[in-house]
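A.B. asks: This is a predicted model, with the sequence first.
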Amino acid sequence: MIKLSRAEIIKLPLILKELGYDVIVPIRSDRNVKLNHFSSDVMPELDYVRIINSPKDFLLPTRELLYRYKSTATITSYGLKIRFPTTEGPCPVSIMPEYTTPKGKLAFFGIHPCMVNSIRYLDKVMLSEPADPYYKARRQDMFVAALECDEGDDYCLCKTVGTYKVLSNLADILMRRSNGSFLVQAKSPKGEEVLARFGKKEELDKYESALPKLGNEYKIESADEDSINSGDASKIVEACTLCGSCTITCPTCYCSDILDKFSLMDPANVERNRVRMSCQRKCYSMIAGGATFLHTKQERFKWRICHKFPFSQNAYNLTGCIGCGNCIAFCPARIDFREFIARRVA
Ligand code: SF4
Ligand code: SF4
């Protein structure tokens, strides 16, 4: 482990850029800190508590072109005519088998342990067979330089869900603030290579991750499916404006819809896009014919909590909530799911 000054650690994204990474760093704008692409005229923010977005926005973009396909739709004097296979022969849609997966390699610099753990969760979802080729391409050769938190805010619950610590296989470099400097340790051969560029001799022992100081401490008490579904959340969700901010800012909410984009001028050339979707909107559970399964705010709220806890636990043996608190901090109605499933202990 080596010790780096603030001036030295700020050089790390530059080194990663020189190594060919598209480096993503926290950047302070007017009111928030947001992850964005690093360039030499950008100053990464290292003294922050929360970021409004997350690695998900770079690994699973809000909108992504999956592929193009040709349809035999034609414009007639009556409008757009699409042939359907049941009435007029074989399926008129021919999907081009070639799709292009994203190129280049990503590096995250200065993300907190909860955010690193969000990548762990997304890996479970997106890399389980059949793996998502777009996510897989971005995830390959990725580099993570994580910054440990010493202090959270009133919305953090990383200690409750155990995500304040970065598992050794998830980061290449681990950094921690220490009396105005940074203690930095390599966690992978790639990390060692990068740190070697500072030309400093390893002279300190490796440290153990410490518990951050948080505003509140909670214990989750009723996060099984039966308790969630039988609980009364009507008062909690009363003020929900259905804005979708909770799912947009959640680092592990990955639900999406498929949207085809075609032009009346060129109906044979259709773009198929994956577009992020919020389970807090009624259209989320709408199926062909217009039926919906999640009618009320309360049903949709409970669905989200079920997905984060029992569903994820059953499917991946992992909690889907990484305790960042974004869904509470950025909710305009300050709807707090902890009031529904947890008890404050400190
Ligand atoms: S952020 Fe708050 S108000 Fe917006 S959909 Fe989520 S719970 Fe409702
Ligand atoms: S559910 Fe809320 S606290 Fe949990 S990961 Fe998503 S945004 Fe963070």
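C.D. replies: Looks like it came in fine. Because the structure is a prediction, the values reported are computed rather than measured. Ligands and ions are numbered 1, 2, ... in the order given.

A.B. asks: for the record, mean pLDDT for the longest strand anywhere in the chain?
C.D. replies: Longest strand in the chain, counting residues (DSSP state E): strand 266-276. Mean pLDDT, computed over strand 266-276, is 83.

A.B. asks: for stretch 315-323, same thing?
C.D. replies: Averaged across stretch 315-323, pLDDT comes to 96.

A.B. asks: Span of it from start to end?
C.D. replies: Using CA to CA, to the nearest Å, one end of stretch 315-323 lies 19 Å from the other.

A.B. asks: Quick one: check it for contact with ligand 2.
C.D. replies: Yes: residues of stretch 315-323 contacting ligand 2 under CB under 6 Å from any ligand atom: 321-323. Yep, even glycine has a C-beta here, placed from its N, CA and C like the rest.

A.B. asks: quick one: strands adjacent to the longest strand of the chain?
C.D. replies: When pairing is defined by DSSP bridges, strand 266-276 lines up against strand 63-70 (antiparallel), strand 256-263 (antiparallel).

A.B. asks: Dump those to CSV, plus distance to ligand 1, mean pLDDT and mean neighbour count.
C.D. replies: Formatted as CSV, the strands paired with strand 266-276 follow (distance: least, CB to the nearest ligand atom, whole Å; pLDDT from 0 to 100; neighbours: other CB atoms under 10 Å):
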stretch, distance to ligand 1, mean pLDDT, mean neighbour count
strand 63-70, 20, 85, 14
strand 256-263, 17, 86, 13
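
A.B. asks: For residue 121, find the nearest of those.
C.D. replies: strand 256-263 (15.7 Å; CB to CB).

A.B. asks: Show me what residue 146 bridges to in the sheet.
C.D. replies: Residue 146 has these beta-bridge partners by DSSP bridges: residue 111, residue 174.

A.B. asks: so who does it touch?
C.D. replies: By CB atoms under 8 Å, 6 or more residues apart in numbering, the contact set of residue 146 is 108, 110-113, 115-116, 166, 170-171, 173-175.

A.B. asks: rewinding a little: is the longest strand of the chain up against ligand 1 anywhere?
C.D. replies: No: using CB under 6 Å from any ligand atom, strand 266-276 never reaches ligand 1; the gap is at least 13.7 Å.

A.B. asks: Which positions in that strand come out as buried?
C.D. replies: For strand 266-276, burial by neighbour count (16 or more other CB atoms under 10 Å) applies to 267, 270, 272, 274, 276.

A.B. asks: now swap in stretch 147-164 and tell me
C.D. replies: Neighbour counts over stretch 147-164 (16+ other CB under 10 Å) mark 147-149, 152, 155-161, 163-164 as buried.

A.B. asks: The longest helix along the chain vs ligand 2: in contact?
C.D. replies: Scanning the chain for the helix with the most residues, using DSSP state H, yields helix 113-127. No: taking CB under 6 Å from any ligand atom as the criterion, helix 113-127 and ligand 2 are apart, separated by no less than 6.8 Å.
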